[in-house]
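S.K.: what's the 3D shape of this:
(2 chains)
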Amino acid sequence: MDIKKLKKDFPILFRKIGLNDLVYLDNAATSQKPVQVVEAVKDFYLEHNANVHRGIHTLSEEASGMYEDARKKVARFINAIYPEEIIFTHGATESLNMAAFSWGVPNLKKGDKILLTGFEHHSNLIPWQIVAKNTGAELKFVKTESNGTVDMSEFKNVLTPDVRLVCVAHASNVLGTILDVREISKLAHAVGALVCVDGAQAVPHIPVNIQSLGCDFYAFSGHKMLAPMGIGVLYVKKSVMEQMVPSQFGGGMIKEVSLTEASWAEAPEKFEAGTPDVGGAIGLAAAVDYLLAIGMDKVREHEIELNRHAIEKLNSIEGIKIIGPVDPEKRTGLVSFYSEKVHAHDIASVLNSSGVAVRSGHHCAMPLHKEMGLPATVRASYYIYNDLSDIDKLAEGVEKALKMLS
Amino acid sequence: MDIYKNPAKRGLLDGADVSISQSNPMCGDDVSVQLKIENGIVKDARFHGNACMVSIVSSEILLDYLVGKTLDEVKVVTKEKFLEMLNLNLSTSRIGCATLALGAVQKAVNEYEKK
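M.R.: Next up is the predicted model:
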């Protein structure tokens, strides 16, 4: 990977924060966008913009064609069998809510169990809390090991026959832990449970092959993988999609409507009520092209190298503790840490004064932080345009913060 | 920096008349404020909890200001007035940290007056 060359595609990375060069390490929150993606969206709005579906005129046909091509491209990217298994949403949160309200509510009942990990992002936890309240189903949790992983024999123990759905993050947004979704799917299916995966932190960083993972639902966002904000994906296995009912209603999702009744279009249209984010889908397709040109294997290798360097550098700073798996190959491209003496917010503020952008807080995983007994952690998360010198600047900034404030 | 390292008002208050916790869900900060009130005047005040530098410094400045003031004087300290009083160059994301203790004080006064 030629990072210097690739970085030129991201003009924002050349701006200054005060007098310092920007070091952007908040990629788990959102990635930056290359000119290729912005140009693709611009081309759509300036040359092809029209609403999709059922327009007879040329522009509408072009827009519809581009939108459906984007769906095919995304399907190929994650190796889904059919493009119709891809539902476009506004992001992973909406995708997970759709799984909850289009599948969970109509299919779960009192006595059923939903099995989750204790480190889910709020977006793969709260929708299921509401589903449980609405259906009488109950949530249960597999314990998080002290190294931030899930022990598979423990998982087998809690995977009782009354579990109807397993909800897990493919990669934790705080710990970085990558879960063995393939094994989880195999075990879950053996007891008749379906598997819903939050892939928001995985798809941008590791090669994802849906057929090999074998899960039933898979949600992710475009904006964490170079695409614009506002476009996301819910993959649903074709046979499972038949068990889903629409949870949003209106234009674009119907077959026939009378004053008192309506019938639905075929999937996936029936799950995409209203005008979709066509520009966003086209931007996502351009992002997929960009990542494929690099190769997801290369992206992964690069992030393991950054993990290794970050873990080594941060571990050498006295008073800094890293959470999550210690093995750089067992985590996605991020590292979260804390100091017992200096609050995460203050470390982030000092880093910002050196131009280093990180996130501090509970990263939408309050139960996990409560369990660890930490009010907040600092998270540095990298992507294709970060290099070893960015990690060095992170470590220097952390040392400066500790010196100043403890 | 001195205030941050040695906040005089940080700790627990014996015989407090009212204690209120306030947390900032955005960052996980959690500050509790305790007030001792006599004849409508704040006699003493303390704070404790998990907090960042901005929370600690602003809690300290606020409580220091409040001691000796009447409840009516306390009630007119609005978020805007307090931020003016603090005179720190705060980014939008840190305003929640700076006003955490103020929120707790406002709740505490309400609670006290209900008693």
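S.K.: which residues touch the worst-scoring helix or strand of chain B on mean pLDDT?
M.R.: Sorted by mean pLDDT, DSSP states H and E, the helices and strands of chain B end with helix B:2-5, the least confident at a mean of 79. Residues from elsewhere that reach helix B:2-5 (CB atoms under 8 Å, 6 or more residues apart in numbering or on different chains): A:Leu405, B:Met53, B:Ile56, B:Val57, B:Glu60, B:Ile61. No exception for glycine: its C-beta is placed from N, CA and C like everyone else's.
S.K.: confirm for me that A:Asn79 is in contact with A:Ser212.
M.R.: Yes - contact criterion CB atoms under 8 Å: A:Asn79 and A:Ser212 qualify, at 7.4 Å.
S.K.: got the confidence number for the residue of the stretch 1-150 of chain A found nearest chain B?
M.R.: When scored by CB to the nearest CB, the stretch 1-150 of chain A has A:His122 as its residue closest to chain B, at 10.5 Å. Residue-level confidence at A:His122 comes out at 94, pLDDT.
S.K.: which pair in the contacts of helix B:2-5 spans the largest distance?
M.R.: In terms of CB to CB, the contacts of helix B:2-5 reach their longest pairwise distance at A:Leu405 and B:Ile61, which sit 17.9 Å apart.
S.K.: contacts only, for the residue positioned nearest the centre of chain B.
M.R.: Chain B has B:Ala101 as the residue nearest its centroid, 3.3 Å off, counting by CA atoms, centre = their mean. When contacts are counted by CB under 8 Å, 6+ apart, B:Ala101 touches B:Gln22, B:Val31, B:Val33, B:Phe47, B:Ser55, B:Ser58, B:Ser59, B:Leu62, B:Leu63.
S.K.: and of the residues you listed, the nearest to A:His343?
M.R.: B:Ser55 (8.1 Å).
S.K.: neighbours around the closest one, how many?
M.R.: B:Ser55 is flanked by 29 other residues according to other CB atoms under 10 Å in any protein chain shown.
S.K.: and it, what helix or strand is that in?
M.R.: Using DSSP states H and E, B:Ser55 sits in helix B:53-66.
S.K.: mean confidence for that helix?
M.R.: If you average the pLDDT values across helix B:53-66, you get 91.
S.K.: one more: stretch A:71-83?
M.R.: pLDDT averaged over stretch A:71-83 gives 98.
S.K.: where does pLDDT dip in chain B?
M.R.: Chain B contains residues with pLDDT under 70 at B:26-27.
S.K.: ranges for the helices of it?
M.R.: B:2-5, B:53-66, B:71-75, B:79-86, B:92-98, B:100-114 (DSSP state H).
S.K.: mean neighbour count, those: which tops it?
M.R.: Most buried of the helices of chain B by mean neighbour count (mean count of other CB atoms under 10 Å in any protein chain shown) is helix B:53-66; its value is a mean of 23.
S.K.: that one packs against which elements?
M.R.: helix A:344-353, helix B:2-5, strand B:29-38, strand B:41-50, helix B:79-86, helix B:92-98, helix B:100-114 (3 or more CB pairs under 8 Å, 6 or more residues apart in numbering or on different chains; DSSP states H and E).
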